[in-house]
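I'll drop the sequence and a predicted model, then ask my questions.
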Amino acid sequence: MPLPGLWRVTWPLFVSLGLSLSLTFTDAFFLSRISDSAAAAAGAINPLLGATLVLFSVMGQAGASVAGRLHGAGRHSELPRTYLAMLGFNFSAGLLVSLALFLLHPYVPGWLGLRGDAAVAAQTYMAVLGGCQVLKAVQIAYGNMLTSRGETRWVMVEAIATNVANIALNLVLLKGLFGLEQSVGLVAGATMLAMAFGMLFTIAVVHLRFRVRFPLGSSFAELRESLQPILKIGLPSATEPVSYQISQVTINLLVISLGASALATRTYVLSFVTISSVLWSIALGIGAQIAISHRVGAGKLDEANEQFHRALLYAIAGNGVIALLLALCHRPLLGMLTQDPHILRLAAPLFALGVLVEMGRAVNIITGGALRSTGDAGYAALISTTLMWCVGVPSAYLFGGYFGLGLTGVWVSMALDECLRGAMSYRRWRTGRWRTTSALAPAARVELAS
(Lines give C-alpha, C1' and ligand atoms only; values in the text may rest on other atoms or scores of the structure.)
Protein backbone atom coordinates (compact mmCIF):
# COMPACT_ATOMS: atom_id res chain seq x y z
CA MET A 1 0.00 0.00 0.00
CA PRO A 2 1.51 3.40 -0.99
CA LEU A 3 2.24 5.84 1.79
CA PRO A 4 -0.31 8.70 2.01
CA GLY A 5 0.83 11.93 0.40
CA LEU A 6 0.64 15.29 2.15
CA TRP A 7 -1.93 16.95 -0.12
CA ARG A 8 -4.17 13.87 -0.49
CA VAL A 9 -4.52 13.71 3.28
CA THR A 10 -4.64 17.47 3.87
CA TRP A 11 -7.27 18.88 1.51
CA PRO A 12 -10.19 16.91 3.00
CA LEU A 13 -8.90 17.84 6.46
CA PHE A 14 -8.90 21.50 5.49
CA VAL A 15 -12.55 21.28 4.47
CA SER A 16 -13.58 19.18 7.48
CA LEU A 17 -11.74 21.31 10.02
CA GLY A 18 -13.12 24.44 8.46
CA LEU A 19 -16.63 23.11 8.81
CA SER A 20 -15.97 21.83 12.34
CA LEU A 21 -14.52 25.14 13.46
CA SER A 22 -17.35 26.96 11.74
CA LEU A 23 -19.73 25.52 14.33
CA THR A 24 -18.36 28.23 16.63
CA PHE A 25 -18.76 30.83 13.89
CA THR A 26 -22.32 29.64 13.20
CA ASP A 27 -23.16 29.97 16.88
CA ALA A 28 -21.64 33.47 16.94
CA PHE A 29 -23.71 34.44 13.88
CA PHE A 30 -27.05 33.17 15.20
CA LEU A 31 -26.38 34.42 18.72
CA SER A 32 -25.59 37.85 17.29
CA ARG A 33 -29.16 37.83 15.91
CA ILE A 34 -30.27 37.73 19.56
CA SER A 35 -27.81 40.34 20.90
CA ASP A 36 -24.13 41.30 20.94
CA SER A 37 -24.02 40.33 24.63
CA ALA A 38 -25.20 36.79 23.80
CA ALA A 39 -22.48 36.41 21.17
CA ALA A 40 -19.88 37.87 23.54
CA ALA A 41 -20.96 35.46 26.30
CA ALA A 42 -20.38 32.49 24.02
CA GLY A 43 -17.00 33.98 23.08
CA ALA A 44 -16.03 34.10 26.75
CA ILE A 45 -17.03 30.45 27.32
CA ASN A 46 -15.61 29.00 24.08
CA PRO A 47 -11.93 29.07 25.22
CA LEU A 48 -12.93 26.89 28.20
CA LEU A 49 -14.86 24.47 26.00
CA GLY A 50 -12.01 24.58 23.51
CA ALA A 51 -9.54 23.53 26.19
CA THR A 52 -11.47 20.29 26.73
CA LEU A 53 -11.88 19.63 23.01
CA VAL A 54 -8.16 20.17 22.54
CA LEU A 55 -7.47 17.44 25.11
CA PHE A 56 -9.61 14.98 23.14
CA SER A 57 -8.11 16.09 19.82
CA VAL A 58 -4.51 15.81 21.00
CA MET A 59 -5.05 12.33 22.38
CA GLY A 60 -6.82 11.36 19.15
CA GLN A 61 -3.97 12.73 17.05
CA ALA A 62 -1.48 10.90 19.26
CA GLY A 63 -3.41 7.68 18.62
CA ALA A 64 -3.45 8.46 14.90
CA SER A 65 0.32 9.03 14.91
CA VAL A 66 0.96 5.70 16.65
CA ALA A 67 -1.47 3.93 14.32
CA GLY A 68 0.19 5.62 11.35
CA ARG A 69 3.55 4.20 12.39
CA LEU A 70 2.01 0.76 12.76
CA HIS A 71 0.59 1.14 9.24
CA GLY A 72 4.01 2.15 7.92
CA ALA A 73 5.68 -0.75 9.70
CA GLY A 74 3.10 -3.24 8.37
CA ARG A 75 1.81 -4.18 11.85
CA HIS A 76 -1.86 -4.08 10.89
CA SER A 77 -3.00 -6.70 13.39
CA GLU A 78 -2.22 -4.33 16.28
CA LEU A 79 -4.38 -1.48 14.96
CA PRO A 80 -7.79 -2.50 16.42
CA ARG A 81 -6.39 -2.68 19.94
CA THR A 82 -4.71 0.71 19.51
CA TYR A 83 -8.02 2.15 18.30
CA LEU A 84 -9.88 0.64 21.27
CA ALA A 85 -7.36 2.08 23.74
CA MET A 86 -7.71 5.54 22.17
CA LEU A 87 -11.52 5.35 22.25
CA GLY A 88 -11.55 4.16 25.86
CA PHE A 89 -9.42 7.09 26.98
CA ASN A 90 -11.47 9.71 25.11
CA PHE A 91 -14.79 8.28 26.26
CA SER A 92 -13.74 8.19 29.91
CA ALA A 93 -12.24 11.67 29.77
CA GLY A 94 -15.32 12.95 27.93
CA LEU A 95 -17.69 11.72 30.63
CA LEU A 96 -15.65 13.33 33.40
CA VAL A 97 -15.31 16.63 31.55
CA SER A 98 -19.01 16.77 30.69
CA LEU A 99 -20.00 16.17 34.30
CA ALA A 100 -17.55 18.79 35.61
CA LEU A 101 -18.64 21.47 33.14
CA PHE A 102 -22.33 20.89 33.80
CA LEU A 103 -21.86 21.11 37.57
CA LEU A 104 -19.78 24.29 37.27
CA HIS A 105 -21.96 26.14 34.74
CA PRO A 106 -23.76 28.32 37.34
CA TYR A 107 -20.45 29.66 38.67
CA VAL A 108 -17.91 29.94 35.83
CA PRO A 109 -19.43 32.98 34.02
CA GLY A 110 -19.26 34.96 37.25
CA TRP A 111 -15.66 33.89 37.80
CA LEU A 112 -14.89 35.21 34.32
CA GLY A 113 -16.34 38.60 35.23
CA LEU A 114 -19.58 38.34 33.24
CA ARG A 115 -22.62 40.09 34.67
CA GLY A 116 -26.28 40.56 33.84
CA ASP A 117 -27.65 39.20 30.56
CA ALA A 118 -24.19 38.10 29.41
CA ALA A 119 -23.76 35.93 32.52
CA VAL A 120 -27.19 34.31 32.08
CA ALA A 121 -26.49 33.57 28.41
CA ALA A 122 -23.07 32.11 29.25
CA GLN A 123 -24.57 29.85 31.93
CA THR A 124 -27.10 28.43 29.49
CA TYR A 125 -24.56 27.99 26.68
CA MET A 126 -22.10 26.23 28.98
CA ALA A 127 -24.72 23.95 30.54
CA VAL A 128 -25.88 22.61 27.18
CA LEU A 129 -22.62 22.29 25.24
CA GLY A 130 -20.32 21.72 28.21
CA GLY A 131 -22.53 18.93 29.49
CA CYS A 132 -22.35 17.12 26.14
CA GLN A 133 -18.61 17.23 25.45
CA VAL A 134 -18.52 13.42 25.59
CA LEU A 135 -20.24 13.36 22.18
CA LYS A 136 -17.35 15.25 20.62
CA ALA A 137 -14.78 13.17 22.50
CA VAL A 138 -16.11 9.96 20.96
CA GLN A 139 -16.45 11.50 17.48
CA ILE A 140 -12.85 12.76 17.61
CA ALA A 141 -11.57 9.30 18.54
CA TYR A 142 -13.41 7.66 15.64
CA GLY A 143 -12.38 10.43 13.27
CA ASN A 144 -8.73 9.83 14.07
CA MET A 145 -9.15 6.13 13.32
CA LEU A 146 -10.03 7.20 9.78
CA THR A 147 -7.28 9.82 9.66
CA SER A 148 -4.62 7.27 10.65
CA ARG A 149 -5.57 5.22 7.58
CA GLY A 150 -5.34 8.25 5.31
CA GLU A 151 -9.14 8.14 4.83
CA THR A 152 -9.68 11.82 5.56
CA ARG A 153 -12.39 12.14 2.91
CA TRP A 154 -14.86 10.45 5.27
CA VAL A 155 -13.93 12.91 8.01
CA MET A 156 -14.78 15.67 5.54
CA VAL A 157 -18.17 14.11 4.73
CA GLU A 158 -18.98 13.94 8.45
CA ALA A 159 -18.12 17.63 8.90
CA ILE A 160 -20.33 18.58 5.96
CA ALA A 161 -23.27 16.59 7.34
CA THR A 162 -22.81 18.04 10.85
CA ASN A 163 -22.76 21.62 9.59
CA VAL A 164 -25.75 21.15 7.33
CA ALA A 165 -27.68 19.78 10.30
CA ASN A 166 -26.56 22.65 12.56
CA ILE A 167 -27.42 25.40 10.07
CA ALA A 168 -30.76 23.79 9.21
CA LEU A 169 -31.74 23.55 12.87
CA ASN A 170 -30.73 27.17 13.52
CA LEU A 171 -32.68 28.38 10.48
CA VAL A 172 -35.75 26.64 11.89
CA LEU A 173 -35.25 28.69 15.05
CA LEU A 174 -34.55 31.91 13.17
CA LYS A 175 -37.72 31.57 11.11
CA GLY A 176 -39.78 30.62 14.17
CA LEU A 177 -41.00 27.38 12.59
CA PHE A 178 -42.95 24.83 14.66
CA GLY A 179 -43.60 27.51 17.26
CA LEU A 180 -39.93 27.62 18.34
CA GLU A 181 -38.36 30.96 19.20
CA GLN A 182 -34.65 31.65 18.94
CA SER A 183 -32.83 31.64 22.28
CA VAL A 184 -29.35 30.92 23.61
CA GLY A 185 -30.47 27.52 24.90
CA LEU A 186 -31.98 26.45 21.60
CA VAL A 187 -28.97 27.66 19.56
CA ALA A 188 -26.70 25.60 21.81
CA GLY A 189 -29.15 22.68 21.62
CA ALA A 190 -29.04 22.77 17.82
CA THR A 191 -25.24 22.50 17.95
CA MET A 192 -25.49 19.60 20.40
CA LEU A 193 -27.87 17.65 18.14
CA ALA A 194 -25.63 18.27 15.14
CA MET A 195 -22.62 16.96 17.11
CA ALA A 196 -24.55 13.80 18.04
CA PHE A 197 -25.42 13.24 14.39
CA GLY A 198 -21.77 13.62 13.37
CA MET A 199 -20.67 11.15 16.04
CA LEU A 200 -23.12 8.47 14.90
CA PHE A 201 -22.14 8.96 11.25
CA THR A 202 -18.41 8.49 12.01
CA ILE A 203 -19.07 5.39 14.10
CA ALA A 204 -21.06 3.88 11.23
CA VAL A 205 -18.29 4.57 8.69
CA VAL A 206 -15.57 2.99 10.86
CA HIS A 207 -17.50 -0.18 11.65
CA LEU A 208 -19.66 -0.66 8.55
CA ARG A 209 -17.52 0.76 5.73
CA PHE A 210 -14.05 -0.26 6.96
CA ARG A 211 -15.22 -3.19 9.09
CA VAL A 212 -13.04 -2.35 12.08
CA ARG A 213 -13.69 -4.86 14.85
CA PHE A 214 -12.50 -4.06 18.34
CA PRO A 215 -10.84 -6.88 20.32
CA LEU A 216 -13.35 -6.63 23.16
CA GLY A 217 -11.82 -9.67 24.85
CA SER A 218 -8.51 -7.87 25.38
CA SER A 219 -7.22 -7.86 28.91
CA PHE A 220 -6.61 -4.68 30.86
CA ALA A 221 -2.87 -5.28 30.63
CA GLU A 222 -3.05 -5.52 26.82
CA LEU A 223 -5.05 -2.31 26.53
CA ARG A 224 -2.69 -0.54 28.89
CA GLU A 225 0.25 -1.65 26.74
CA SER A 226 -1.49 -0.25 23.64
CA LEU A 227 -2.31 2.98 25.45
CA GLN A 228 1.24 3.64 26.64
CA PRO A 229 2.72 4.89 23.33
CA ILE A 230 -0.39 7.07 22.84
CA LEU A 231 0.07 8.61 26.28
CA LYS A 232 3.79 9.09 25.63
CA ILE A 233 2.88 11.42 22.78
CA GLY A 234 -0.50 12.64 23.97
CA LEU A 235 0.08 13.70 27.57
CA PRO A 236 3.03 16.03 26.88
CA SER A 237 1.30 17.26 23.73
CA ALA A 238 -1.91 18.02 25.62
CA THR A 239 -0.16 20.39 28.00
CA GLU A 240 0.54 22.92 25.23
CA PRO A 241 -2.95 23.39 23.69
CA VAL A 242 -4.75 23.00 27.02
CA SER A 243 -2.37 25.55 28.52
CA TYR A 244 -3.02 27.78 25.51
CA GLN A 245 -6.77 27.65 26.03
CA ILE A 246 -6.36 28.39 29.74
CA SER A 247 -4.07 31.29 28.88
CA GLN A 248 -6.81 32.61 26.58
CA VAL A 249 -9.27 32.43 29.46
CA THR A 250 -6.77 34.42 31.55
CA ILE A 251 -6.37 37.01 28.80
CA ASN A 252 -10.17 37.13 28.50
CA LEU A 253 -10.26 38.48 32.06
CA LEU A 254 -8.27 41.47 30.79
CA VAL A 255 -10.49 41.83 27.71
CA ILE A 256 -13.66 41.67 29.83
CA SER A 257 -12.30 44.50 31.97
CA LEU A 258 -11.97 46.60 28.78
CA GLY A 259 -15.74 46.49 28.26
CA ALA A 260 -18.45 44.64 26.36
CA SER A 261 -17.39 46.12 22.99
CA ALA A 262 -13.84 44.85 23.40
CA LEU A 263 -15.08 41.35 24.29
CA ALA A 264 -17.45 41.30 21.31
CA THR A 265 -14.66 42.56 19.01
CA ARG A 266 -12.30 39.82 20.12
CA THR A 267 -15.01 37.19 19.63
CA TYR A 268 -15.81 38.37 16.10
CA VAL A 269 -12.19 38.77 14.98
CA LEU A 270 -11.15 35.37 16.32
CA SER A 271 -14.18 33.79 14.63
CA PHE A 272 -12.90 34.90 11.21
CA VAL A 273 -9.29 33.98 12.01
CA THR A 274 -10.32 30.55 13.29
CA ILE A 275 -12.23 29.56 10.16
CA SER A 276 -9.46 30.74 7.82
CA SER A 277 -5.75 30.85 8.65
CA VAL A 278 -5.96 28.73 11.80
CA LEU A 279 -7.79 25.89 10.09
CA TRP A 280 -5.39 26.05 7.10
CA SER A 281 -2.32 25.54 9.29
CA ILE A 282 -4.03 22.98 11.54
CA ALA A 283 -5.15 20.93 8.53
CA LEU A 284 -1.62 20.99 7.12
CA GLY A 285 -0.24 20.17 10.56
CA ILE A 286 -2.43 17.07 10.94
CA GLY A 287 -1.79 16.03 7.33
CA ALA A 288 1.95 16.40 7.91
CA GLN A 289 1.72 14.33 11.12
CA ILE A 290 0.07 11.44 9.26
CA ALA A 291 2.43 11.63 6.28
CA ILE A 292 5.49 11.87 8.55
CA SER A 293 4.38 9.10 10.96
CA HIS A 294 3.83 6.63 8.10
CA ARG A 295 7.31 7.37 6.73
CA VAL A 296 8.96 7.17 10.14
CA GLY A 297 7.27 3.79 10.65
CA ALA A 298 8.61 2.65 7.28
CA GLY A 299 12.11 3.96 8.13
CA LYS A 300 12.05 6.64 5.37
CA LEU A 301 13.37 9.53 7.46
CA ASP A 302 14.60 11.73 4.60
CA GLU A 303 11.15 11.54 3.02
CA ALA A 304 9.65 12.49 6.38
CA ASN A 305 11.90 15.57 6.51
CA GLU A 306 10.86 16.50 2.97
CA GLN A 307 7.17 16.24 3.87
CA PHE A 308 7.75 18.47 6.89
CA HIS A 309 9.41 21.29 4.95
CA ARG A 310 6.81 21.13 2.21
CA ALA A 311 4.01 21.48 4.79
CA LEU A 312 5.87 24.35 6.50
CA LEU A 313 6.19 26.28 3.24
CA TYR A 314 2.52 25.79 2.37
CA ALA A 315 1.44 26.85 5.88
CA ILE A 316 3.50 30.05 6.05
CA ALA A 317 2.53 31.16 2.54
CA GLY A 318 -1.13 30.27 3.00
CA ASN A 319 -1.48 31.95 6.39
CA GLY A 320 0.24 35.09 5.14
CA VAL A 321 -2.08 35.41 2.14
CA ILE A 322 -5.23 34.64 4.15
CA ALA A 323 -4.33 37.11 6.93
CA LEU A 324 -3.61 39.82 4.35
CA LEU A 325 -6.98 39.26 2.66
CA LEU A 326 -8.75 39.44 6.03
CA ALA A 327 -6.99 42.74 6.77
CA LEU A 328 -8.06 44.19 3.42
CA CYS A 329 -11.68 42.98 3.61
CA HIS A 330 -12.38 43.16 7.33
CA ARG A 331 -15.07 45.86 7.23
CA PRO A 332 -17.55 44.05 4.97
CA LEU A 333 -16.82 40.78 6.80
CA LEU A 334 -17.51 42.28 10.21
CA GLY A 335 -20.57 43.98 8.75
CA MET A 336 -22.20 40.55 8.56
CA LEU A 337 -22.08 40.33 12.35
CA THR A 338 -22.38 43.88 13.68
CA GLN A 339 -22.88 47.50 12.65
CA ASP A 340 -21.43 48.96 15.86
CA PRO A 341 -18.90 51.65 14.73
CA HIS A 342 -16.85 51.28 17.91
CA ILE A 343 -16.36 47.55 17.30
CA LEU A 344 -15.36 48.23 13.69
CA ARG A 345 -12.72 50.76 14.85
CA LEU A 346 -11.33 48.40 17.49
CA ALA A 347 -11.02 45.53 14.99
CA ALA A 348 -9.01 47.33 12.27
CA PRO A 349 -5.51 47.16 13.89
CA LEU A 350 -6.13 43.57 15.01
CA PHE A 351 -6.53 42.36 11.44
CA ALA A 352 -3.40 44.27 10.41
CA LEU A 353 -1.32 42.67 13.17
CA GLY A 354 -2.87 39.34 12.26
CA VAL A 355 -0.53 38.98 9.26
CA LEU A 356 2.46 38.60 11.61
CA VAL A 357 0.49 36.56 14.17
CA GLU A 358 -0.72 34.00 11.64
CA MET A 359 2.64 33.49 9.91
CA GLY A 360 4.21 32.79 13.30
CA ARG A 361 1.32 30.50 14.17
CA ALA A 362 1.94 28.52 10.97
CA VAL A 363 5.52 27.70 12.01
CA ASN A 364 4.40 26.86 15.53
CA ILE A 365 1.61 24.48 14.49
CA ILE A 366 3.49 22.63 11.72
CA THR A 367 6.75 22.21 13.63
CA GLY A 368 5.13 21.29 16.94
CA GLY A 369 2.89 18.72 15.24
CA ALA A 370 5.81 17.20 13.34
CA LEU A 371 7.81 16.79 16.54
CA ARG A 372 4.86 15.10 18.23
CA SER A 373 4.32 12.71 15.32
CA THR A 374 7.88 11.43 15.64
CA GLY A 375 7.65 10.97 19.41
CA ASP A 376 9.65 14.09 20.34
CA ALA A 377 6.68 15.63 22.12
CA GLY A 378 8.25 16.64 25.43
CA TYR A 379 10.42 19.49 24.14
CA ALA A 380 7.64 21.15 22.13
CA ALA A 381 5.30 20.98 25.11
CA LEU A 382 7.88 22.37 27.56
CA ILE A 383 9.10 25.28 25.46
CA SER A 384 5.63 26.26 24.26
CA THR A 385 4.05 26.21 27.71
CA THR A 386 6.97 28.13 29.21
CA LEU A 387 6.92 30.88 26.58
CA MET A 388 3.14 31.08 26.70
CA TRP A 389 3.06 31.93 30.39
CA CYS A 390 6.38 33.81 30.60
CA VAL A 391 5.91 35.90 27.45
CA GLY A 392 2.36 35.60 26.02
CA VAL A 393 0.19 36.26 29.08
CA PRO A 394 2.46 38.82 30.85
CA SER A 395 2.98 40.82 27.65
CA ALA A 396 -0.79 40.92 27.05
CA TYR A 397 -1.29 42.57 30.44
CA LEU A 398 1.78 44.76 29.90
CA PHE A 399 0.82 46.11 26.47
CA GLY A 400 -2.94 45.81 26.77
CA GLY A 401 -3.34 47.00 30.36
CA TYR A 402 -0.29 48.83 31.71
CA PHE A 403 0.56 50.69 28.48
CA GLY A 404 -3.13 51.21 27.72
CA LEU A 405 -3.09 49.72 24.20
CA GLY A 406 -6.17 47.60 24.89
CA LEU A 407 -6.97 44.93 22.32
CA THR A 408 -4.12 46.12 20.08
CA GLY A 409 -1.70 45.34 22.89
CA VAL A 410 -3.22 41.88 23.29
CA TRP A 411 -2.59 41.19 19.59
CA VAL A 412 1.03 42.43 19.89
CA SER A 413 1.52 39.88 22.66
CA MET A 414 0.02 37.16 20.45
CA ALA A 415 2.56 37.97 17.72
CA LEU A 416 5.46 37.73 20.15
CA ASP A 417 4.18 34.46 21.62
CA GLU A 418 3.47 32.67 18.32
CA CYS A 419 6.71 33.74 16.61
CA LEU A 420 8.95 32.82 19.56
CA ARG A 421 7.33 29.40 20.04
CA GLY A 422 7.56 28.64 16.34
CA ALA A 423 11.23 29.62 16.14
CA MET A 424 12.20 27.47 19.13
CA SER A 425 10.31 24.41 17.82
CA TYR A 426 11.85 24.75 14.35
CA ARG A 427 15.32 24.95 15.92
CA ARG A 428 14.59 21.64 17.68
CA TRP A 429 13.58 19.97 14.40
CA ARG A 430 16.78 21.17 12.74
CA THR A 431 18.89 19.41 15.39
CA GLY A 432 17.65 16.05 14.07
CA ARG A 433 16.76 14.73 17.51
CA TRP A 434 13.44 13.49 16.08
CA ARG A 435 15.32 10.89 13.99
CA THR A 436 16.21 8.93 17.13
CA THR A 437 12.94 9.13 19.07
CA SER A 438 10.10 6.61 18.97
CA ALA A 439 6.74 6.33 20.70
CA LEU A 440 6.17 2.73 19.62
CA ALA A 441 6.56 -0.17 21.99
CA PRO A 442 10.10 -1.62 22.34
CA ALA A 443 9.15 -4.52 20.07
CA ALA A 444 8.49 -2.04 17.28
CA ARG A 445 11.99 -0.62 17.44
CA VAL A 446 13.51 -4.09 17.26
CA GLU A 447 11.30 -4.99 14.31
CA LEU A 448 12.08 -1.80 12.41
CA ALA A 449 15.79 -2.16 13.05
CA SER A 450 15.90 -5.71 11.68
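Structure received. Numbering: from 1, shown residues only.

count of neighbours near Ala38?
Each residue near Ala38 was counted by other C-beta atoms under 10 Å, and the total is 27. C-beta: built from backbone N, CA, C; applies to glycine.

give the contact list for it.
By C-beta atoms under 8 Å, 6 or more residues apart in numbering, Ala38 lies in contact with 31-32, 117-118, 121, 184.

Tell me the spacing between it and Ala119.
Separation of Ala38 from Ala119 (C-beta to C-beta, to the nearest Å): 11 Å.

any low-confidence regions in the stretch 101-250 of the chain?
Low-confidence segments of the stretch 101-250 of the chain, defined by pLDDT under 70: 176-179.

Among the contacts of Ala38, which ones are in strands?
Judged by DSSP state E, these include no members of strands.

Please name the residues that touch Val273.
323, 326, 354, 358.

Nearest residue to the middle of the protein?
Central residue check for the chain by C-alpha atoms, centre = their mean: the C-alpha nearest the mean position is that of Val54, 5.3 Å away.

Quick check: chain neighbours aside, which residue is closest to Gly378?
Excluding the flanking residues, the one nearest Gly378 by C-beta to C-beta, 6 or more residues apart in numbering is Pro236, at 4.7 Å.

how close does that neighbour get to Gln289?
Pro236 is 15 Å from Gln289, by C-beta to C-beta.

More neighbours: which of the two?
Gln289 (30 against 21).

distance of that one from Pro394?
Gln289 sits 31 Å away from Pro394, taking C-beta to C-beta as the criterion.

Ser57 reaches Gln139, doesn't it?
No: between Ser57 and Gln139 there is no contact under C-beta atoms under 8 Å: 10.5 Å.

Low-confidence bits of the stretch 301-450 of the chain, can you list those?
437-450.

need the helices for it, in chain order.
301-328, 330-335, 341-373, 377-387, 393-397, 407-431, 442-449 (DSSP state H, counting those that start in this stretch).

tell me the most buried of those?
Across these, averaging neighbours per residue (mean count of other C-beta atoms under 10 Å) puts helix 341-373 on top, at a mean of 23.

Packing partners of it?
The elements that helix 341-373 packs onto, with contact taken as 3 or more C-beta pairs under 8 Å, 6 or more residues apart in numbering; DSSP states H and E, are helix 36-73, helix 220-257, helix 260-273, helix 279-297, helix 301-328, helix 330-335, helix 377-387, helix 407-431.

and the fifth one, what does it pack onto?
It stands for helix 301-328. Going by 3+ C-beta pairs under 8 Å, 6+ apart, helix 301-328 lies up against helix 6-32, helix 260-273, helix 279-297, helix 341-373.

hmm, try it at 6 Å
helix 6-32, helix 279-297, helix 341-373 (3 or more C-beta pairs under 6 Å, 6 or more residues apart in numbering; DSSP states H and E).

The first one vs helix 279-297, what angle?
On the basis of axes from the mean of the first three to the mean of the last three C-alpha atoms, to 10 degrees, helix 6-32 is oriented at 150 degrees to helix 279-297.

What is helix 6-32 packed up against?
For helix 6-32, the elements it packs on are helix 36-73, helix 152-175, helix 184-204, helix 279-297, helix 301-328, judged by 3+ C-beta pairs under 6 Å, 6+ apart.

Nearest to Ser243 among these would be which one?
helix 36-73 (8.7 Å; C-beta to C-beta).

The next helix-or-strand element following the closest one vs helix 36-73, what angle?
As assigned by DSSP states H and E, the chain's next helix or strand after helix 36-73 is helix 79-104. Orientation check (the same axes, to 10 degrees): helix 79-104 against helix 36-73 gives 160 degrees.

Mind listing what's buried along helix 79-104?
79-87, 89-90, 93-94, 97-98, 101-102 (16 or more other C-beta atoms under 10 Å).

list the helices and strands the next helix-or-strand element following it packs on?
Downstream of helix 79-104, the next assigned helix or strand under DSSP H and E is helix 108-111. For helix 108-111, the elements it packs on are helix 116-125, judged by 3+ C-beta pairs under 6 Å, 6+ apart.

how close does Gln307 sit to Arg435?
14 Å.

quick revisit: so for the residue nearest to the centre of the chain, what's the nearest residue that isn't a sequence neighbour?
Pro241 (3.9 Å).

Around that neighbour, how many other residues sit close by?
21.

That one reaches Leu55, doesn't it?
No: between Pro241 and Leu55 there is no contact under C-beta atoms under 6 Å: 7.8 Å.

was I right about Gly287 contacting Pro12?
No: Gly287 sits out of contact with Pro12 when judged by C-beta under 6 Å, with a separation of 9.1 Å.

out of these two, which sits in the busier spot?
Legend: neighbour count by other C-beta under 10 Å for Gly287 and Pro12, higher for Gly287 (29 against 22).

Need the per-residue pLDDT for the nearest residue to that one once chain neighbours are set aside.
Excluding its sequence neighbours, the residue lying closest to Gly287 (C-beta to C-beta, 6+ apart) is Thr10, at 3.2 Å. Confidence at Thr10, expressed as pLDDT, is 81.

and if you look at Ile290?
Ile290 is assigned 85 on the pLDDT scale.

On the three-state scheme, Gly150 is what?
coil (DSSP: H, G, I helix; E, B strand; the rest coil).

circling back: with respect to Leu17, which of the contacts of Val273 is nearest?
Closest to Leu17, out of all of the contacts of Val273 and judged by C-beta to C-beta, is Glu358, at 15.3 Å.

thought that closest one was touching Ser277?
Yes: using C-beta under 6 Å, Glu358 is in contact with Ser277, at 4.2 Å.

Could you pull out the residues contacting both of these two?
Between them, Glu358 and Ser277 share these contacting residues under C-beta atoms under 6 Å, 6 or more residues apart in numbering: 319, 323.

Taking the contacts of Val273 together, which two end up most distant?
Leu326 and Glu358 (8.6 Å).

what pLDDT does the closest residue to Gly401 other than its chain neighbours get?
For Gly401, ignoring the flanking residues on the chain, the nearest one in space by C-beta to C-beta, 6+ apart is Leu254 at 5.8 Å. Note on Leu254: pLDDT of 90.
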